[in-house]
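Visitor: coordinates for the following, if possible.
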Amino acid sequence: MLSVRSPRRRPVPVLLGVLVTLAVAAALLWQPLFPRDERPSGSVTLSTGVTTGVYARYGQLLRGQLAHDAPGLDMTLTPSVGSVENIRRLVDGEADFAIATADSIAAYRAGGGEGADRLRACARLYDDYLQLVVPAGSPVRTTAELAGLRVGVGQDGSGVQLVTRELLGAAGLDMDRDVTAFRQGINDMPRMLEAGRLDAFFWSGGLPTSAVTRLASRLDIRLVPLGDLLPALALRGPHSEFYRAAVMPPDAYPAIAGSDVVDTIAVANLLVTTESSDDAITEQITRSVINGRDQIGQEVHAAQRVDLRTAIYTRPLQLHPGARDYYRSVKS
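Guide: Numbering: from 1, shown residues only. The predicted structure follows:
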């Protein structure tokens, strides 16, 4: 009887197929753990603020965080006089990103500023606190008592000057007629107060502002409460809705003798760009804002409040698509 021999197996092709299948599966499993580096590269410009203000220090710290997160993306910092100039730089193409207060943005939009419709936001950062600084022995206890005095009101193009005009108006004073206005910034106003060339100055900045801290170490000063102006301030235009009641804690400026809680007004700062900014770069910078919260907050204490719940509230601006992509990615 003839026996039928079964076909000889061909183990090599089968084994190779199994190995290829395993290799593909392994690659798929390992891909999320070791993704191809697609971090953006290039260079961007961030317009900050005066060199002794919080905007400038925040910009330095954000640049450091970005260098860690995306080494191929270089950020150049450019100082400015403040929010109003920063907005103009964005719409003129002189900066890619900038920090600006919500009220300054709203005022620019309400005034029909050129390119206002192209502005977009990356994140709400931290609040500026409105500060009215006087010598400790000054008789000034309210903003209205500044009538006839020499007052530092902030530089032209600064958010400080914009809000100072509003605060004086809420107190029944005209900045151009009822006070002797010195249009100086935080780099100069403390020295002028110390030298007796000013009776008071306004400042809008994060807590603590180093220039005010240094002044308090050389001169006995006092902070005048501003919270009483909020009801009248709310009637002064569409941008006034971005002011809110706030208190400055005693430890904001420990060197101020007898420092106590001071009722004041706060306004949010936004990281702003334009609709033409690259989506991937905008997403990365927004990511670095959140990644760097703790480290940045060690020096800019107000930045400790930045988180995913608050960062997305960027009124009066819409989020840039790149920023929106980031927030969606971390929520999913």
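
Visitor: what ranges do the helices span in the stretch 51-200 of the chain?
Guide: Under the criterion DSSP state H, counting those that start in this stretch, the stretch 51-200 of the chain carries helices at the ranges 54-69, 83-91, 102-110, 159-170, 189-194.

Visitor: ramachandran angles for residue 111?
Guide: In terms of degrees, to the nearest 10, the main-chain angles of residue 111 are phi -90, psi 10.

Visitor: need the helices of the stretch 51-200 of the chain in a markdown table with distance to residue 262, mean neighbour count and mean pLDDT, can you?
Guide: Placement of C-beta: from N, CA and C, glycine included. Putting the helices of the stretch 51-200 of the chain into a markdown table (distance: least, Cβ to Cβ, whole Å; neighbours: other Cβ atoms under 10 Å; pLDDT from 0 to 100) gives the following:
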| stretch | distance to residue 262 | mean neighbour count | mean pLDDT |
| --- | --- | --- | --- |
| helix 54-69 | 18 | 20 | 95 |
| helix 83-91 | 23 | 24 | 97 |
| helix 102-110 | 20 | 23 | 96 |
| helix 159-170 | 14 | 25 | 96 |
| helix 189-194 | 17 | 20 | 97 |
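
Visitor: any idea of the angle the lengthiest strand in the chain forms with helix 102-110?
Guide: If you go by DSSP state E, the chain has its longest strand at strand 119-135. Using axes from the mean of the first three to the mean of the last three Cα atoms, to 10 degrees, the inter-axis angle of strand 119-135 relative to helix 102-110 is 130 degrees.

Visitor: buried residues in strand 119-135, which are they?
Guide: Buried residues in strand 119-135, counted by 16 or more other Cβ atoms under 10 Å: 119-135.

Visitor: got the angle for that strand vs helix 159-170?
Guide: Going by the same axes, to 10 degrees, strand 119-135 makes 60 degrees with helix 159-170.

Visitor: quick one: strand 119-135 to helix 83-91, angle?
Guide: Angle, strand 119-135 to helix 83-91, by the same axes, to 10 degrees: 160 degrees.

Visitor: element containing residue 39, please.
Guide: Applying DSSP states H and E as the criterion places residue 39 outside every helix and strand.

Visitor: that one reaches residue 70, doesn't it?
Guide: Yes: at 4.3 Å, residue 39 counts as touching residue 70 under the criterion of Cβ atoms under 8 Å.

Visitor: before we move on, back to that, and the longest strand of the chain with helix 54-69, angle?
Guide: Here the directions of strand 119-135 and helix 54-69 differ by 140 degrees (the same axes, to 10 degrees).

Visitor: mutual contacts of residue 39 and residue 70, please.
Guide: By the contact definition Cβ atoms under 8 Å, 6 or more residues apart in numbering, residue 39 and residue 70 are jointly contacted by residue 284.

Visitor: now residue 270: how far from residue 119?
Guide: 9 Å (Cβ to Cβ, to the nearest Å).

Visitor: mutual contacts of those two, please.
Guide: Common neighbours of residue 270 and residue 119 (criterion: Cβ under 8 Å, 6+ apart): 105, 317.

Visitor: could you dump the helices of the stretch 51-200 of the chain into a markdown table with distance to residue 253 added?
Guide: Written out in a markdown table, the entries for those read as follows (distance: least, Cβ to Cβ, whole Å):
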| stretch | distance to residue 253 |
| --- | --- |
| helix 54-69 | 14 |
| helix 83-91 | 23 |
| helix 102-110 | 24 |
| helix 159-170 | 18 |
| helix 189-194 | 12 |
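
Visitor: can you say which of the ones you listed is nearest to residue 212?
Guide: Among the helices of the stretch 51-200 of the chain, helix 189-194 comes nearest to residue 212, with 6.9 Å by Cβ to Cβ.

Visitor: list of residues touching that closest one?
Guide: Helix 189-194 is touched from outside by 133-135, 152, 182, 184, 198-201, 203, 211-212, 214-215, 218-219, 221, with contacts defined as Cβ under 8 Å, 6+ apart.

Visitor: now do stretch 87-99
Guide: Identification of contacts with stretch 87-99 by Cβ under 8 Å, 6+ apart yields 44-49, 55, 58-59, 78, 80, 83, 86, 100, 104-105, 108, 113-116, 118-119, 122, 125, 157, 269-274, 277, 281, 285.
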